Structure formats: C-alpha cells, structure tokens
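fold the following and give me the result.
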Amino acid sequence: MSEPAPAPAPTVVEEPRPEPAKPVDFTFTGVLTQGGWMRGDLGPGRWTAQLGDQEIDVDDEGRFFAAFDRDSPAKIEFKATSGNLVYARETITVDPREWDIERVNVAKGTGGGGAAWWAKREPEWLAIRDARAKETGAEGWMQEFIWPVTGRISGRFGRQRIYRGEPGSYHSGIDIAPGNGAPFVAPAGGVVVLARTGFSLEGGIIILDHGAGLNSAFIHLSRLRVAEGDRVEQGQLLGNVGASGRATGPHLHWSLMWREKRLDPLLFLPPMP
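Just a heads-up that it's a prediction; the model follows:
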C-alpha cells in the first residue's frame, strides 16, 4: 500500500510593511516671548497641528499662525501631522518677560455692580465673546501689521496690580493717546465682527477678525466708521478715538487675541514713525 502524498505547504503572503513616518523641516518666524507670536509654513498637505493643547488652523499651502499668552510657560511643544507618513515636531522656547507689577495695601474690589448692572452687562459680554469666536476666512494674519494711529503710549500690555497679595486683572492691550477724535485705521485686513456703541465698559467698540483665530478689539471710540460684516483692507479708516465707556481720558485701547490667549500688540509692530 503506497503512502499518501504529503500535503502542499501553505502559501505565505507577506503583508507590505507600512512606510515609516518621516519628519519634515518647517520654517517659522515671529517673536517667541510671552504675549508674542509665530507664523510658519509646513509645506503643502492636509495638516493637523497643535501648540501645546491648542489646535492650530493650517491652510491648504501649509501656512499657520500661533501665539503665546502673557503667562505662557517657558517651553511649549509644537507638533503637526499629515496622514501617517509625515510629521513635524519642535519644542518652542518662550522667553519670559518682566511685567510692570504694582503692589498696593488695599483690598481688591469686587468690580462690576449688582443684578441690575449685570442685566445690562451680560448681553454685552456675550456679544464680545461670540464676536471673538467667529471664523471669517480673513487673511490679515499673514500681513506685517501697521500702527492704527500714532501718539503717546499711555498704557502698556501686561501691567497689573496686586491687592494685598491678590492679583487683579492685567492690562490686556496697549493704550495710544493721539488726542480726542483722532482717526484710526485697520492695522491689518479683516472682517468687522462687532461694531457697537454704548457698552458699559468699552463704550464704542469694534472687533476685527484677521483670520486664523487672531482678532483685534478697539474700544472707547467716539465714532464708528464701519459696520458689522464689512471686509476692510489694511490702512482703511475704522473710527475715531474717544473716551466713551469707562475711560479716564481719550485714548485708543487696542487688544489682540488668538483663541483665548491675550497678546501684546507692540510685538506685532515696527517702531512708531
């Protein structure tokens, strides 16, 4: 009786090995300090990017904007991926700054007022919050900023009082005092997302979205020359300086925010002409 033929050896099919992820070089410029910013270029691709735990918008050409809060830590990680094949990663060193801190031996006030005051203030606060969250597709964030108006700098970003050990709010922008009624212009292009008068604290207010999560607010205005929804060019007239709202004298308060981070407008500007 013959032996049965041996069973054929099973066919082994090797799965293709995935390509390893490849790091890419990317470029960026900016002012890498507290209250500062960075603009970068990852190259073409569908990128997902983060600075710390904050998501970053990256356009189709790989360009992005990110920024550092007034109290940013000294080290913060930037990372980006495109599919599973390429990535970028870098630890950004954020230079610390010395802030103008005044310590006073008085108790910190409660601020604001009672229920009647808050009934008026709440819709104003919500309007500002919602305006800053709007995404308009503006591209002013890619421009080199210009001065909205020139004059004496009467208040600087980051200034703060400490009341018997309890910190008060720090100054969230810069104050420029060119004289009552002076016209001011858009420091970069954008879309007007808020333009109102009569706010309790701000008086006349304009918020301009520059895109990529970056926006400017201008307050204490005596006159508004734009309306909500207007698309404006860099250097276009926005309004006139005043002392409306809670202000001790005529000046332009200009603040910049990226996402929830407050930035120093002086770090976006050339020397005052």
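
just for the stretch 101-250 of the chain, where's the confidence low?
In the prediction, the stretch 101-250 of the chain carries residues with pLDDT under 70 at positions 110-113.

partners of whichever strand or helix holds Ile205, with directions?
In this structure, Ile205 is located in strand 203-211 according to DSSP states H and E. The partner list of strand 203-211 in its sheet, established with DSSP bridges, is strand 190-199 (antiparallel), strand 214-224 (antiparallel).

and those strands: which comes nearest Glu55?
For the strands paired with strand 203-211, the distance to Glu55 is smallest for strand 214-224, at 14.1 Å, taking Cβ to Cβ. Backbone N, C-alpha and C define where each C-beta goes, glycine included.

can you give the distance of that closest one from its chain's centre?
For strand 214-224, the separation from the chain centroid amounts to 16 Å (computed by Cα atoms, centre = their mean, to the nearest Å).

quick one on the thing from earlier: for Ser82, which of the strands paired with strand 203-211 is the nearest?
Between Ser82 and those, the tightest spacing by Cβ to Cβ is seen for strand 214-224, at 23.1 Å.

which helix or strand lies directly C-terminal to the closest one?
Using DSSP H and E, the next helix or strand after strand 214-224 towards the C-terminus is strand 231-232.

can I have the helix or strand just after that next one written out in PDB, keeping just the CAs?
Moving toward the C-terminus from strand 231-232, the first helix or strand encountered (DSSP H and E) is strand 237-241. Presented in PDB, the C-alpha positions along strand 237-241 are these (Å, rounded to 0.1, in the frame of the first residue of the first chain):
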ATOM      1  CA  LEU A 237     -10.400 104.000   8.300                       C
ATOM      2  CA  LEU A 238     -12.300 102.300  11.200                       C
ATOM      3  CA  GLY A 239     -13.300 105.100  13.500                       C
ATOM      4  CA  ASN A 240     -12.300 107.900  15.800                       C
ATOM      5  CA  VAL A 241     -10.600 107.900  19.200                       C
END
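
just checking: what are the partner strands of strand 237-241?
Taking DSSP bridges as the criterion, strand 237-241 pairs within the sheet with strand 183-185 (antiparallel), strand 214-224 (antiparallel).

closest one to Leu51 among those strands?
Go through these one by one with Cβ to Cβ and the one that ends up closest to Leu51 is strand 214-224, at 13.1 Å.
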